[in-house]
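Chemist: when you get a sec, could you give me coordinates for this:
(chains A and B)
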Amino acid sequence: MMKKKFKMQDLDCAHCAAKMEDGIKKIDGVKDATISFMAQKLTIEADDDRFEEIMAKVAKVCSKIEPDCKIVM
Amino acid sequence: MTKKQKQMLLRIGVAFLLFFALKVFKEAEIIEGMEEFPKGFVIYLIPYFVIGWDILYKAARNICRGQVFDENFLMCIATFGAFGVGEYEEAVAVMLFYQVGEWFQSYAVNRSRASITELMDICPEYANVEIEGELRQVDPDDVEIGTVITVKPGERIPLDGIVVQGTTMIDTSALTGESVPRKAETGTEVISGCINGNGTIRVQVTKEFEDSTVSKILEMVENASSKKAKVENFITRFAKYYTPIVVCAAVLLAVIPPIVSGGSWGEWIQRACIFLVISCPCALVISVPLSFFGGIGAASKIGVLVKGSNYLEALADMETIVFDKTGTLTKGEFKVTKIFPEEKQDELLKLAYLAEKYSDHPIAQSIRDAYLERTGEKAEEKVEDAKEISGFGIQAVYRGKELLAGNEKLMKKFGIVCEQYEGAGTVVQIAWDGAFLGTIVISDTIKEGSKEAIRRLKQSGVKKTVMLTGDKKTAGETVARELGIDTVYTELLPGDKVEKVESLLEELKRGTSKEEKRAKLAFVGDGINDAPVLGRADVGIAMGSMGSDAAIEAADVVLMDDHTEKIAQVVGIARKTLRIVKQNIIFALAVKGLVLLLGAFGAANMWEAVFADVGVAVIAILNAMRALKIEKE
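Modeler: Predicted structure coming up:
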């Protein structure tokens, strides 16, 4: 398990942040995820050896919900 | 203002001018037939696209990606509806109003975000390290333990360490909220995040950057928003159901009445559009976490770190507060507090000093300190044959005669009759040449603010104050009485404290009413050996004691400067935050509910609907920002 934090750019909608959080939690291999709308940060805890693969999925989930929002890797 | 916001503002301006121009043309009848299709339709499409093209684009893009019910889509449907029924002007106005609201909302969120992050702006950017005789700025992350760094006047101390050279005054206000600077000289421990005052100091680093106080605090604050309060979770769940329900209601409203009663389709579609505009739960979803974020920010402004909104929520409902005595209400340092008989104070203290001269017992240390403080010099007279009798005291020879300093058992052993002392503290009886001379009492001293802290907590409505201590019954009760504490449990072993807190918790939550069930218990400790108790209580409050990691980690709330008076202040902040949250929820739901109702009966127009959406969100955000403000006492 690995815990990491990412900055989220242009996260403009609090409701979307909640939706993204939900979506990310459902990704296989993700133990926990929180998105702080106020801090514009994503904290994710996921499988260490599949981390990159998981992050790719995370980015996909986020861009589906709010295409303008970018995760700074 | 961000670049994006500036661009948007420009667009709003242009669209508004166009809209205004069209209105003038229409009123002055310069262009005729502006309410007719297709002429009016085409004309009004110009300002509509200027203000709303991005909404249309986003809606289309999101539908392609399977995100149907987002705000953009809803706005499109609503405005298309208005165009469909020939209300061209209204369609443009609604889109314009919506964008103004959105802009204001993003501006307000950005502002409050900035003011909160400003509070957290304690992260040092560099450390000055001497490399090859030259002072260079390096990343604090790269500085190793033991390195000596230089901190110039006005700079932020980058790492925890000990001053090895120089004296200065240090401004700790960013961490503790304390405005009076602290003095630091050689040997003083300094912590990262504070600002150096007037003098240059050289500091030997004792912790790596990631273990330093500043990193710990920043991490904590960042994680704070992940521990959500019950209200926050409720709102998230509510939002999940709210939107689909309102959208379904809108569809039903558009379809059923015209079929059943044969009314006009346009009329009912317009009403349905009102529903769609109101269906976004944004006001709630933004303002609730924003209020908590503000509350946590306000607490950190006064030097209290709250680790999550759930703890803020718990603090607002706190009814019982349990204090550990030593180190929390008292200083945890033992000092000579009484010497009697009074006329012999100097002599007694000198004799005690001489007897305890070579002892390393903490009691001996406090006697020596008291003597030095009183006379300003060491007593040089000789004592011979000083012997420590473990569990009794000291026997020595002074001026050829026997000197005794110890407890009552020691006096008894040597057949000396002494006065009994009944108060709190440790007693040292002094006898010389077979005669009892007097008593010295050493006790823990109460912290200056403790009494005030208890008084303020009671004033704020905390129902029960409890003190736990390992001290003897008389000692503990004396302290409790002095502080005005309701209940005291004495002679407890560390393990007993957990049990006591558990039974208090049970007692507190035995009630059946909703309020009684919600009541919370807080435990306040110095965090050194009460980590299990801190964990057991609803809210564990610890003394940060300027860099005790154990305390910072174990607790839910950390008092950075160990001032217990601030607990009452934080309870005040917590209650205010919760009040704001409730106001926002009730306000938003009431306005939305009302407009939905009016809309269903055809009494509300699109303007009111947009107000119920963005207008309410903006008001709720402004209200939420109040949580950040601290009321002066």
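Chemist: first-to-last residue distance for stretch A:44-60?
Modeler: Using CA to CA, to the nearest Å, one end of stretch A:44-60 lies 15 Å from the other.
Chemist: what's that stretch in contact with?
Modeler: Stretch A:44-60 is touched from outside by A:1-6, A:24, A:27, A:29-33, A:42, A:71, A:73, with contacts defined as CB atoms under 8 Å, 6 or more residues apart in numbering or on different chains. Just so you know, the C-beta spots here come from the backbone N, C-alpha and C atoms, and that holds for glycine as well.
Chemist: recalculate using a threshold of 6 Å.
Modeler: Contact with stretch A:44-60 is made by A:1-4, A:24, A:27, A:29-33, A:71, as judged by CB atoms under 6 Å, 6 or more residues apart in numbering or on different chains.
Chemist: looking at chain A, which residue reaches furthest from the middle?
Modeler: A:Asp49 (17.5 Å; CA atoms, centre = their mean).
Chemist: now that one: phi and psi?
Modeler: Note on A:Asp49: backbone dihedrals following degrees, to the nearest 10 are phi -80, psi -20.
Chemist: for chain B, see how far away it is.
Modeler: 24 Å (CB to the nearest CB, to the nearest Å).
Chemist: which of the contacts of stretch A:44-60 has the largest number of neighbours?
Modeler: Neighbour counts for the contacts of stretch A:44-60 (other CB atoms under 10 Å in any protein chain shown) peak at A:Ile24, which has 24 neighbours.
Chemist: wait, isn't that one in contact with A:Ala33?
Modeler: Yes - the pair A:Ile24 and A:Ala33 passes the contact test of CB atoms under 6 Å, sitting 4.2 Å apart.
Chemist: any idea which helix is longest in the chain?
Modeler: Since no chain was named, I'll use chain A. helix A:51-65 (DSSP state H).
Chemist: should've been chain B
Modeler: Longest helix in chain B, counting by DSSP H: helix B:565-600.
Chemist: and after that helix, which helix or strand comes next?
Modeler: The C-terminal neighbour of helix B:565-600 among helices and strands, as given by DSSP states H and E, is helix B:606-610.
Chemist: what residues of the next helix-or-strand element following that next one count as buried?
Modeler: Counting by DSSP H and E, the element after helix B:606-610 in chain order, helix or strand, is helix B:616-624. Under the neighbour-count criterion of 16 or more other CB atoms under 10 Å in any protein chain shown, helix B:616-624 has B:616-621, B:623-624 buried.
Chemist: using JSON lines, lay out those together with pLDDT.
Modeler: Formatted as JSON lines, those follow (pLDDT from 0 to 100):
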{"residue": "B:Val616", "pLDDT": "89"}
{"residue": "B:Ala617", "pLDDT": "85"}
{"residue": "B:Val618", "pLDDT": "84"}
{"residue": "B:Ile619", "pLDDT": "89"}
{"residue": "B:Ala620", "pLDDT": "89"}
{"residue": "B:Ile621", "pLDDT": "85"}
{"residue": "B:Asn623", "pLDDT": "90"}
{"residue": "B:Ala624", "pLDDT": "87"}
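Chemist: returning to what we had before: which ones, among the contacts of stretch A:44-60, also lie beside chain B?
Modeler: When the contacts of stretch A:44-60 are checked against chain B using CB under 6 Å from any CB of the partner chain, none falls in range.
Chemist: which one of these is nearest to B:Pro362?
Modeler: Among these, A:Lys3 lies closest to B:Pro362 (CB to CB), at 42.8 Å.
Chemist: so who does the closest one touch?
Modeler: A:Glu45.
Chemist: residues near residue 9, how many?
Modeler: No chain was given, so I picked chain A. 11.
Chemist: switch to chain B, please.
Modeler: B:Leu9: 15 neighbours (other CB under 10 Å).
Chemist: how about the secondary structure of it?
Modeler: helix (DSSP: H, G, I helix; E, B strand; the rest coil).
Chemist: so what pLDDT did the closest residue to it other than its chain neighbours get?
Modeler: Of all residues not flanking B:Leu9 in the chain, B:Trp103 sits nearest, at 6.5 Å (CB to CB, 6 or more residues apart in numbering or on different chains). Here, the pLDDT recorded for B:Trp103 equals 87.
Chemist: okay, and B:Trp103 sits in which element?
Modeler: helix B:88-119.
Chemist: and that helix, what does it pack onto?
Modeler: helix B:3-27, helix B:39-64, helix B:71-84, helix B:282-301, helix B:606-610, helix B:616-624 (3 or more CB pairs under 6 Å, 6 or more residues apart in numbering or on different chains; DSSP states H and E).
Chemist: what's the following helix or strand after that helix?
Modeler: strand B:127-131.
Chemist: isn't B:Thr188 up against B:Gln165?
Modeler: No - judged on CB under 6 Å, B:Thr188 makes no contact with B:Gln165 at a distance of 11.4 Å.
Chemist: hang on, B:Gln429 is in a helix, isn't it?
Modeler: No - using three-state DSSP, the assignment for B:Gln429 is strand, not a helix.
Chemist: hmm, B:Cys418 and it touching each other?
Modeler: Yes - using CB under 6 Å, B:Gln429 is in contact with B:Cys418, at 4.8 Å.
Chemist: joint contacts of the two?
Modeler: With CB under 6 Å, 6+ apart as the test, B:Gln429 and B:Cys418 both reach B:Met411.
Chemist: okay, these two: which has more neighbours?
Modeler: B:Gln429 (26 against 19).
Chemist: partners of the more buried one in the sheet?
Modeler: Beta-bridge partners recorded for B:Gln429 (DSSP bridges): B:Gly406, B:Thr439.
Chemist: okay, how far is it across stretch B:276-290, tip to tip?
Modeler: 25 Å.
Chemist: work out the gap between it and the centre of the chain.
Modeler: Taking CA atoms, centre = their mean, to the nearest Å, the mean C-alpha location of stretch B:276-290 is offset from the chain mean by 25 Å.
Chemist: what's it in contact with?
Modeler: Contacts of stretch B:276-290 (CB under 6 Å, 6+ apart): A:14-15, B:71, B:74, B:77-78, B:232, B:235, B:239, B:242-243, B:246-247, B:250, B:581, B:584, B:588, B:592, B:595-596, B:609-610, B:612-613, B:616-617, B:620-621, B:624.
Chemist: most packed of the helices and strands packed on helix B:88-119?
Modeler: helix B:282-301 (a mean of 27; mean count of other CB atoms under 10 Å in any protein chain shown).
Chemist: got the angle for it vs helix B:565-600?
Modeler: For helix B:282-301 against helix B:565-600, the angle by axes from the mean of the first three to the mean of the last three CA atoms, to 10 degrees is 170 degrees.
Chemist: so B:Leu404: helix, strand or coil?
Modeler: strand.
Chemist: that one: neighbour count?
Modeler: 27.
Chemist: mind checking pLDDT for it?
Modeler: In this model, B:Leu404 carries a pLDDT of 91.
Chemist: identify the residue nearest the residue of the stretch 1-150 of chain B found nearest chain A in space, chain neighbours excluded?
Modeler: Residue of the stretch 1-150 of chain B nearest chain A, by CB to the nearest CB: B:Arg65 (5.0 Å). The shortest distance from B:Arg65 to any non-neighbouring residue, by CB to CB, 6+ apart, is to A:Lys64 (5.0 Å).
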